[in-house]
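Chemist: this one's structure only:
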């Protein structure tokens, strides 16, 4: 259990922070994700890597969190812009990410920030790979609109 927490808590927390935009909520959700993973450990079938499986649980925890309270994308405490690789205007990107639909934002973050392959994202979120691709396309299209194609580069490659 200690190995699970040490190895996987940071990416789970980071993913949830990008979804919630609040340190406290991300920490609470990361803890509940780890607890759910421990409870469901017997059901882990190895189809997806452990990290992807945990991020899928984290996304479902985020869904429960959103249903429990009225959720608005918050623009507040921000991580460093370096977390987004080749996109240099971190402030603008974070603002634009907050305006995406949660399912699009999740797929974008899993693929471009956590660098998880599309097939693993599909397995983690329990959706078809084609749905992952369409959400990723929609997220990129919306981000291009929000950020302005000429000012920022949104990754094309899957």
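Modeler: Looks like it arrived, so ask away. If you're wondering where the values come from, they're calculated on a predicted model, not measured in any experiment.
Chemist: report all helices and strands that the helix or strand that contains residue 11 contacts.
Modeler: Per DSSP states H and E: residue 11 is located in helix 2-20. Of the remaining helices and strands, those touching helix 2-20 by 3 or more Cβ pairs under 8 Å, 6 or more residues apart in numbering; DSSP states H and E are helix 23-39, helix 50-68, helix 102-108. The C-beta positions use only the backbone N, C-alpha and C, and glycine is treated the same way.
Chemist: right, so those: which one is the most enclosed?
Modeler: For the helices and strands packed on helix 2-20, the largest average neighbour count (mean count of other Cβ atoms under 10 Å) is found in helix 102-108, namely a mean of 21.
Chemist: and that helix, what's its mean pLDDT?
Modeler: What helix 102-108 shows for mean pLDDT is 93.
Chemist: switch to numbering from 594
Modeler: Got it, first residue is 594 now, which makes that one helix 695-701.
Chemist: so what's the gap between that helix and the chain middle?
Modeler: Here helix 695-701 shows a centroid-to-chain-centroid distance of 6 Å under the convention Cα atoms, centre = their mean, to the nearest Å.
Chemist: buried set for the next helix or strand after it?
Modeler: With elements assigned by DSSP H and E, the helix or strand that comes after helix 695-701 is helix 711-718. The neighbour-count check on helix 711-718 (16 or more other Cβ atoms under 10 Å) flags 711, 713, 714, 715, 716, 717, 718 as buried.
Chemist: I'm done for today, thanks for sticking with me.
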